[in-house]
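Engineer: sequence? don't have it. structure:
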């Protein structure tokens, strides 16, 4: 009898201990009044890329009801140890969540996350969160390739209109890219496939600048593409260099990260962008509520994270918005996929298998099968893009890593 009583008491003690242990593991959360958000930006408002983040943070701040004192933004932070120092300063200022916006910030954000374990570090465009496995370090991106594709539909409609109006127009377009990284390759390929959906015979030339923001190089790249006979230009670069060159030459342009209609009223067609406000709101709310943040978060058209500007009817083809909406509905319901392997070839062949470098270990070796159900599954196995294929119809004039 005594043994049974002792066993029962021991069992009760163990249950109580487990309950206390689980309670101790649960995050307490942070009151809104005590919460602070820190933001690290590569450039400032002069960069369309960084301006897009600044606007998103302001939108999220308003939605969350945070004061200006609760949101601290550090601008012009290089992709070096300056990022770690900026993160360290934000920790000292009491920030509970620190968010950085540029790919090259990742190493230094991870360094800070390992040191300041009570702070959550979130990074846009990064690749290492799912391999680092830190509870307080997270990556985020969006399925912007869908937005690029829809912008390509708009460009294709314009190209088709130009060809129908003038039989001498050759369906060759140009693209100004920053670096030959998967993020840029995924973007220009999805844009090209959108154009190709409307004009199957289209080809595209890509000129890389070797910089995310260099107005002179971007302008010169656009001019070079135009001189080669490219009749429409798009870009993944952050200044007004390419759009302004297009406006000067009366060449239609599809920009990125925001409308350039004010500066380029005669040539701007449409722009795709990632709206980061849903993610900024998400990470802030999760921390306030004491909940975990996803290791990799991918925003979509449905989450409001992938958006297009209003179509500039002065430059766009007739019915562009209507046709964009039709294709958007197909993407939303899954009846079409941007990287459907029936829509492109590599060296003249349709792909049935491809190992992508999803686990970014620095060796550039494919590790994950990404072609299933007839299409390349972009941004599903990590948030940042990993589409790096050179498909037929696109020619790289140069490379910049």
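Structural biologist: On my side now, so go ahead. Bear in mind that the values here come from a model prediction, so they are computed numbers and not experimental data.
Engineer: all contacts plus neighbour counts: C-alpha atoms, from now on.
Structural biologist: Fine.
Engineer: give me the number of residues near the nearest residue to residue 117 once chain neighbours are set aside?
Structural biologist: The shortest distance from residue 117 to any residue other than its chain neighbours is 6.5 Å, reached at residue 136 (Cα to Cα, 6 or more residues apart in numbering). As a burial measure, residue 136 scores 22 neighbours (other Cα atoms under 10 Å).
Engineer: Residue 136 contacts residue 120, correct?
Structural biologist: Yes - counting by Cα atoms under 8 Å, residue 136 sits close enough to residue 120 to count as a contact (4.6 Å).
Engineer: Are there residues contacting both of these two? Which ones?
Structural biologist: Common neighbours of residue 136 and residue 120, using Cα atoms under 8 Å, 6 or more residues apart in numbering, are residue 113.
Engineer: about what we covered before: contacting residues for the residue nearest to residue 117?
Structural biologist: When contacts are counted by Cα under 8 Å, 6+ apart, residue 136 touches 113, 117-121.
Engineer: Out of those, which end up buried?
Structural biologist: For those, a neighbour count by 16 or more other Cα atoms under 10 Å gives the buried set as 113, 119-121.
Engineer: among the residues you listed, which are in helices?
Structural biologist: Counted as lying in helices by DSSP state H, out of those, are residue 113.
Engineer: Which of the buried ones among the contacts of residue 136 sits closest to residue 371?
Structural biologist: When these are compared for distance to residue 371 (Cα to Cα), residue 121 wins out at 31.4 Å.
Engineer: per-residue pLDDT, the residue nearest to residue 117?
Structural biologist: Predicted confidence (pLDDT) for residue 136: 98.
Engineer: Would you quantify the distance from it to residue 246?
Structural biologist: 44 Å (Cα to Cα, to the nearest Å).
Engineer: How about residue 102?
Structural biologist: When distance is defined by Cα to Cα, residue 102 is 27 Å away from residue 246.
Engineer: what about these two, which has more around it?
Structural biologist: Relative neighbour count places residue 246 above the other of residue 102 and residue 246, with 26 against 21, counting by other Cα under 10 Å.
Engineer: So residue 212 versus residue 143, what's the distance?
Structural biologist: Taken as Cα to Cα, the span from residue 212 to residue 143 is 20 Å.
Engineer: ditto for residue 373
Structural biologist: As judged by Cα to Cα, residue 373 and residue 143 stand 18 Å apart.
Engineer: okay, those two: which has more neighbours?
Structural biologist: Here residue 373 and residue 143 are set side by side on neighbour count (other Cα under 10 Å), and the busier one is residue 143, at 21 against 10.
Engineer: so the more buried one sits right up against residue 298, yeah?
Structural biologist: Yes - because the distance of 6.7 Å satisfies Cα under 8 Å, residue 143 is recorded as touching residue 298.
Engineer: what residues do the two have in common as contacts?
Structural biologist: Between them, residue 143 and residue 298 share the neighbouring residues residue 379, with contact defined by Cα under 8 Å, 6+ apart.
Engineer: thought residue 42 was touching residue 77?
Structural biologist: Yes - under the criterion of Cα under 8 Å, residue 42 lies in contact with residue 77, with a separation of 4.8 Å.
Engineer: Let me see the confidence value for residue 2.
Structural biologist: In the predicted model, residue 2 carries a pLDDT score of 40.
Engineer: what's the answer for the one 10 residues further on, then?
Structural biologist: On pLDDT, residue 12 comes in at 41.
Engineer: cool, and residue 340?
Structural biologist: Model confidence at residue 340, given as pLDDT, is 98.
Engineer: can you check residue 8 too?
Structural biologist: Reading off the model, residue 8 has pLDDT 44.
Engineer: Tell me where the model's unsure across this structure.
Structural biologist: Screening the chain residue by residue with the criterion pLDDT under 70, one finds the ranges 1-27.
Engineer: Swap in 90 and give it another go.
Structural biologist: Along the chain, the model assigns pLDDT under 90 to residues 1-28, 47-48, 212-213, 237-239, 257-258, 360-364.
Engineer: Can you show me the helices along it?
Structural biologist: Counting by DSSP H, one finds helices in the chain at the ranges 2-25, 48-64, 81-92, 106-115, 129-132, 144-165, 182-198, 215-227, 241-249, 277-288, 320-333.
Engineer: residues in contact with residue 162?
Structural biologist: residue 169.
Engineer: do you know how far it is from residue 275?
Structural biologist: Relative to residue 275, residue 162 is positioned 31 Å away (Cα to Cα).
Engineer: OK, contacts around residue 194?
Structural biologist: Contacts were defined as Cα under 8 Å, 6+ apart; by that measure residue 194 touches 148-156, 338.
Engineer: how about a cut-off of 7 Å?
Structural biologist: Contacts were defined as Cα atoms under 7 Å, 6 or more residues apart in numbering; by that measure residue 194 touches 149-150, 152-153, 156.
Engineer: same question, residue 240
Structural biologist: Each residue near residue 240 by Cα under 7 Å, 6+ apart is listed here: residue 215.
Engineer: swap the cut-off to 10 Å and go again
Structural biologist: In this structure, residue 240 makes contact with 46-48, 213-216, 218-219, 246, 255-256, 260, 263-264, judged by Cα atoms under 10 Å, 6 or more residues apart in numbering.
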